[in-house]
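> Next one to model:
(one chain, ligands or ions: 3)
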Amino acid sequence: MAIDVILGLQWGDEGKGKIVDYLAASYDMVARFQGGPNAGHTLKFDGKKFVLHTVPSGIFRPGLLNLIGNGVVIDPITLSAEIEELEKAGVDYKDRLLLAKKAHLILPTHRYLDAASESAKGKAKIGSTLKGIGPTYMDKTGRNGLRVGDISRNNFKERYQALKEKHLSLLEIYPPTSFALEEEEQKWMDSLELLRQLKQVDGEYYINHALRAGKRILAEGAQGSMLDIDFGTFPFVTSSNTITAGVCIGLGVSPDKIGEVIGISKAYCTRVGSGPFPTELENAVGERLRTEGGEFGATTGRPRRCGWLDLPQLKYTIMLNGVTQLAITKIDVLNAFEEIEVGTAYEIDGQTTQELPYDICDQPIQPVYKAHTGWQQSLEGITTFEELPQAARDYLLAMEKELGVPISMVSTGPERNKLIVKARRVVVE
Ligand code: GDP
Ligand code: IMO
Ligand code: MG
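Residues are numbered from 1 along each chain as shown. Ligands and ions are numbered 1, 2, ... in the order given. Next comes the predicted model:
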């Protein structure tokens, strides 16, 4: 069997949680392959709302396995809080939530370092979620980090102390930042108890055995391709590989095991945090998108920056990911707009181009826009592509044609069942 992939094609928050939760019913396992509690994936069903940060979005589907892969960074405190929510909701997760032993741990001092480093950057700050993501991945590539499997080793306490001491001396290069270290440390130690009770696996063997046994697996991305450490708008990115290649690294599967790659894009575009965003609308239209779309961060509550769809940006991330089908979300947010614009090219230094420049953070980029007529009606009750208003279909078909990839799903609301399946390229029952 091959492993299908779902990931974001923009700057995150494309609606990955919703689509994964929907599709999970057709799979045996959902596996997160990168990122950590910087992610906030929202799921809505049966009148309930859940925001998941570390737990894969397949957890509410009875019987389905959920693997937190080696490429993920885990904060035991956040994970415990999430598990508490699952318990309150009566979700039976005990034998279905698996941790890869090679996943790295976020220590309280990683968060401390994140806060100190961001505040020292002043105006140049990344806009990090301050969950300790950057410092934890630095300790991974720097070969210092602690992993899930280390928790049960005899020397864990000493290794923790040594790493903490190292962090405390690193903190001395920064101006003082307030951080309740003792309190956070106590919470962290208490939360480790819970981690000990969860099922730990050798993720790479586990997933390959499952594939060999014919299990259907869906890999769930976090963040978005424009936040990829290598190909995103560096340095305004996260610290992991968010693209399809990250699936191989973050789960231990070979490239030939990758099946369908479902790229998710909103019907417009958002970004939270600092960094370039060519089609951003810093005006009343952007404000209207934010209000209609409820564009406030699921993890930090920060208002998201809003703008029109950016086709050169999407072509870039489709290329990087080998996207085989598109899921377009939040089309309903555009219901009331008289006119919808789409960025079709960039003007940079008097030249028109379809490609993102190396110095995207410094170059003034003027997008070239094409206007589409809005449909100005509710999509309530619409369940097939054919029933969509003509103008909405035209908008989506123009997108499909420009991007050269078929649209398989169109999401018309946050709830699980508000989804139009346009083409059944994956099993979606
Ligand atoms: P993720 O990080 O990619 O999982 O996305 P987030 O959960 O951070 O943000 C997506 C937001 O849009 C959440 O509040 C979802 O409930 C909501 N959402 C998802 N799909 C749709 C949709 O089709 N229409 C509307 N109006 N909201 C949606
Ligand atoms: P999901 O999975 C949107 C952004 C932050 C910041 C930058 C670096 O919900 O789509 P970090 O905490 O990684 O050091 O932050 O990346 N960012 C996200 N933006 N959605 C996310 O996740 C994000 N995770 C990180 O706002 O600009
Ligand atoms: Mg999110």
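> How about Met138: what's its closest non-neighbour residue?
Ser239 (7.3 Å; CB to CB, 6 or more residues apart in numbering). For the C-beta atoms, the positions are set from N, CA and C on the backbone; glycine is no exception.
> check which helix or strand covers that neighbour.
Using DSSP states H and E, Ser239 maps to neither a helix nor a strand.
> thinking it is in contact with Gly132, fair?
No: using CB atoms under 8 Å, Ser239 is not in contact with Gly132, being 10.2 Å away.
> Neighbours of Gly252, how many?
If you count neighbours by other CB atoms under 10 Å, Gly252 ends up with 21.
> I should have written Ala298 there, sorry.
17.
> From Glu282, how far out is whichever residue of the stretch 101-250 of the chain sits closest to ligand 1?
Nearest residue of the stretch 101-250 of the chain to ligand 1: Ala222, at 7.3 Å (CB to the nearest ligand atom). Computed as CB to CB, to the nearest Å, the Ala222 to Glu282 distance reads 27 Å.
> who's more crowded, those two?
Using other CB under 10 Å as the criterion, Ala222 and Glu282 rank with Ala222 on top: 31 against 11.
> what about the strands in the stretch 1-150 of the chain?
3-8, 29-32, 41-45, 48-52, 65-68, 73-74, 97-100, 104-105 (DSSP state E, counting those that start in this stretch).
> I'd like those as TSV, with distance to ligand 2, mean neighbour count and mean pLDDT appended.
Listed next are the strands of the stretch 1-150 of the chain as TSV, based on distance: least, CB to the nearest ligand atom, whole Å; neighbours: other CB atoms under 10 Å; pLDDT from 0 to 100:
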stretch	distance to ligand 2	mean neighbour count	mean pLDDT
strand 3-8	6	26	98
strand 29-32	10	27	98
strand 41-45	6	20	98
strand 48-52	9	16	97
strand 65-68	14	26	98
strand 73-74	10	25	98
strand 97-100	18	24	98
strand 104-105	14	24	98
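> Can you lay out those strands as TSV showing distance to ligand 3?
Below are those laid out as TSV (distance: least, CB to the ion, whole Å):
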stretch	distance to ligand 3
strand 3-8	8
strand 29-32	13
strand 41-45	6
strand 48-52	8
strand 65-68	17
strand 73-74	16
strand 97-100	20
strand 104-105	21
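> nearest to ligand 1, of those?
Among the strands of the stretch 1-150 of the chain, if distance is taken as CB to the nearest ligand atom, the winner is strand 41-45, at 3.1 Å.
> the strands in the stretch 251-400 of the chain, which residues?
258-266, 269-271, 305-307, 309-310, 325-329, 339-348, 351-353, 366-373.
> I'd guessed the residue of the stretch 101-250 of the chain closest to ligand 1 sits against Ala39; true?
Yes: if you go by CB under 8 Å, Ala222 and Ala39 touch, sitting 3.7 Å apart.
> Which residues are in contact with each of the two?
Common contact partners of Ala222 and Ala39 (CB atoms under 8 Å, 6 or more residues apart in numbering): Gly12.
> any weak-confidence spans in this structure?
Along the chain, the model assigns pLDDT under 70 to residues 425-429.
> How about the residues of this structure by ligand 2?
8, 11-13, 35, 38-41, 126-129, 131, 133-134, 222-224, 227, 238, 272-273, 298 (CB under 6 Å from any ligand atom).
> In the sheet, which residues pair with the nearest residue to Pro414 once chain neighbours are set aside? Tell me.
Excluding its sequence neighbours, the residue lying closest to Pro414 (CB to CB, 6+ apart) is Lys44, at 4.7 Å. With DSSP bridges applied, Lys44 shows beta-bridge pairing to Lys49, Glu415.
> correct me, but Lys44 touches Gly17?
No: between Lys44 and Gly17 there is no contact under CB under 8 Å: 9.1 Å.
> Up against ligand 1, what does this protein have?
Residues of the chain lying near ligand 1 (CB under 6 Å from any ligand atom): 8, 12-18, 40-42, 44, 294, 298, 329-330, 332-333, 411-414.
> Just tell me which of the strands of the stretch 1-150 of the chain ends up closest to Ile243.
strand 3-8 (7.0 Å; CB to CB).
> what's in contact with the closest one?
Outside strand 3-8, the residues that touch it by CB under 8 Å, 6+ apart are 14, 16, 19-20, 23, 27, 31, 207, 211, 216-221, 223-225, 242-244, 247, 251, 253, 257-265, 321, 327, 426.
> What pairs with it, parallel or antiparallel?
Counting by DSSP bridges, the strands paired with strand 3-8 are strand 217-220 (parallel), strand 258-266 (parallel).
> Let me know how buried Asp349 is, in neighbour terms.
10.
> Please apply the same query to Phe296.
The burial count for Phe296: 13, using other CB under 10 Å.
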